[in-house]
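**Q** For reference, the sequence and a predicted model appear below.
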Amino acid sequence: MAEKIRPPRIRVSRRIKKNKVFKVKVKFDHPSFTGLAMADDTSDPVFNRAIPVTFIRNMLVYYGDELVSRLRLSSGIADEPLFTFKLKAIKEAPVKVVFIDNFGKRWEASKEIKFKG
Amino acid sequence: MKKFSKIFVISYCFSFFFFQTIFAGTVVDKFKIEGIRTIASTKALQSELLKKLDIKILDLNLKSTDSGWPVLRVEYDPEIVTRTKIETAIGEIEDPAGHNYKVHKGPLNANANLIEEENQAMMKFGDLTMDLKQVNNPTVDFDSSIKRGKDMFVKNCAKCHGLNGNGYGVVAHGFTTWPRQLWAWYKADSAADSYLYWIIENGKSDMPPWGLVLSEEERWDLINYIKTIKKPEGN
């Protein structure tokens, strides 16, 4: 499954001024499902495992060389999610986002930040 | 005496070979099954398999298995049917929605180990540090408490920790770490209470903070029940 997943795509605000907050959007076409089913809902636990689970378990955000955020995710995240977050433009350096799924597969995307205006 | 011994030996040999010919042929085997999505799925799998092969289905265990996967137990004569044939037959069956079943052969571990980058990230932005406080178990009627605790365990905890506490609940697949095997706390004394209470209240790693949902009494009921969970034989 990991072989068919494209790398994430990252987009940042067009005009980024020094020390101002800017938006980062990351789209990652990764499936997310629990793999659970209810083949017998008459007794607890109501769920049984139907198919293998898959989801993004960690999202790491780097600004330059520094890790600035770690998002611990679960199968509650949407299929093919779009993440939006904000950063303060303290330096001209790449913003890199790293995704790791529950199979230990890793993807990354990065965008250079340049001040304008 | 000699005559008696002779008769005994002959009878014994006769019985031995007689029963060998009846029971020697059957083998009991287990298959982890992928694709059981609905009630109709369970019926379709079993009925179609019986039509295809000369086997006996002993049971289909959906929830209380050691691995978290549904397990189909069958009995068959290996001279007529092989394990490979059964696996192939299972793969050919479609459920009412048109999905195929499959024998699960992949790694049980859908929880791949954390990579070094994740470990580094967790060292910087990790879980809460444990702040254990001294607690005293206020339970008076332990029998009732354990019974309530068991009901709560089956309803809330078994989906991750497994019905027998082995940590292989159906929902545990994919977690960063497998849930703890709860028989570690079998007959634990009050020294374990602070830790168990904190974990239930605050959660850890993939375990949610049940303190948001469970009252104090309910947490103690669970703790009292957890201490009765014994390691199953064979584990």
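**A** Cool, the structure landed. Numbering: from 1, shown residues only, chains lettered A, B, ... in the order given.

**Q** Around chain B, pick out the residues from chain A.
**A** Contact residues (C-beta under 8 Å from any C-beta of the partner chain) of chain A with chain B: A:34-40, A:43-45, A:47-55, A:57-58, A:60, A:67, A:69-70, A:74-75, A:98, A:100, A:102-104, A:106. (Each C-beta comes from the backbone N, C-alpha and C, glycine too.)

**Q** cutoff 7 Å now
**A** Taking C-beta under 7 Å from any C-beta of the partner chain as the criterion, chain A approaches chain B at residues A:35-37, A:39-40, A:44-45, A:47-53, A:55, A:57-58, A:60, A:67, A:70, A:75, A:98, A:100, A:102-104, A:106.

**Q** Just the buried residues of those residues.
**A** Neighbour-count burial (16 or more other C-beta atoms under 10 Å in any protein chain shown) is assigned, among these, to A:35-37, A:39-40, A:44-45, A:47-53, A:55, A:57-58, A:60, A:67, A:70, A:75, A:98, A:100, A:102-103.

**Q** Out of those residues, name the ones that lie in strands.
**A** Counted as lying in strands by DSSP state E, out of those, are A:36-37, A:48-49, A:57-58, A:60, A:67, A:70, A:98, A:100.

**Q** Find the residue closest to A:Ala78 in space, skipping its chain neighbours.
**A** A:Ser32 (6.3 Å; C-beta to C-beta, 6 or more residues apart in numbering or on different chains).

**Q** A:Ser13 too?
**A** A:Phe22 (4.2 Å).

**Q** Equivalent analysis for B:Ala121, please.
**A** Nearest non-adjacent residue to B:Ala121 (C-beta to C-beta, 6+ apart): A:Arg70, at 4.5 Å.

**Q** Surely the one you found touches B:Phe125?
**A** Yes: A:Arg70 is within contact range of B:Phe125, at 4.1 Å (criterion: C-beta atoms under 7 Å).

**Q** returning to what we had before: what helix or strand does the residue nearest to A:Ser13 sit in?
**A** According to DSSP states H and E, A:Phe22 maps onto strand A:21-27.

**Q** Can you name the residue of chain A nearest to chain B?
**A** A:Gly104 (3.2 Å; C-beta to the nearest C-beta).

**Q** Could you list which residues are in contact with that residue?
**A** Neighbouring residues of A:Gly104 by C-beta atoms under 7 Å, 6 or more residues apart in numbering or on different chains: B:112-113, B:115.

**Q** go on, A:Tyr62?
**A** A:68, A:96.

**Q** What's opposite it in the beta bridge?
**A** Counting by DSSP bridges, A:Tyr62 forms beta bridges with A:Leu67, A:Lys96.

**Q** Now do it, the pLDDT please.
**A** Per-residue pLDDT puts A:Tyr62 at 97.

**Q** so who does B:Ala40 touch?
**A** By C-beta under 7 Å, 6+ apart, the contact list for B:Ala40 reads B:95-96.

**Q** how about it, secondary structure?
**A** Secondary structure state of B:Ala40, per DSSP: H, G, I helix; E, B strand; the rest coil, is helix.

**Q** Same question for B:Ala121.
**A** helix.

**Q** Counting neighbours, what do you get for B:Asn113?
**A** By other C-beta atoms under 10 Å in any protein chain shown, 11 other residues sit near B:Asn113.

**Q** Check chain A for me, the residue farthest from its geometric middle.
**A** Largest separation from the mean C-alpha position in chain A: A:Thr42, at 36.5 Å (C-alpha atoms, centre = their mean).

**Q** so where's chain A shaky on pLDDT?
**A** A:1-3, A:117 (pLDDT under 70).

**Q** Mind telling me which residue is nearest the centre of it?
**A** Central residue of chain A (C-alpha atoms, centre = their mean): A:Met59, at 4.8 Å.
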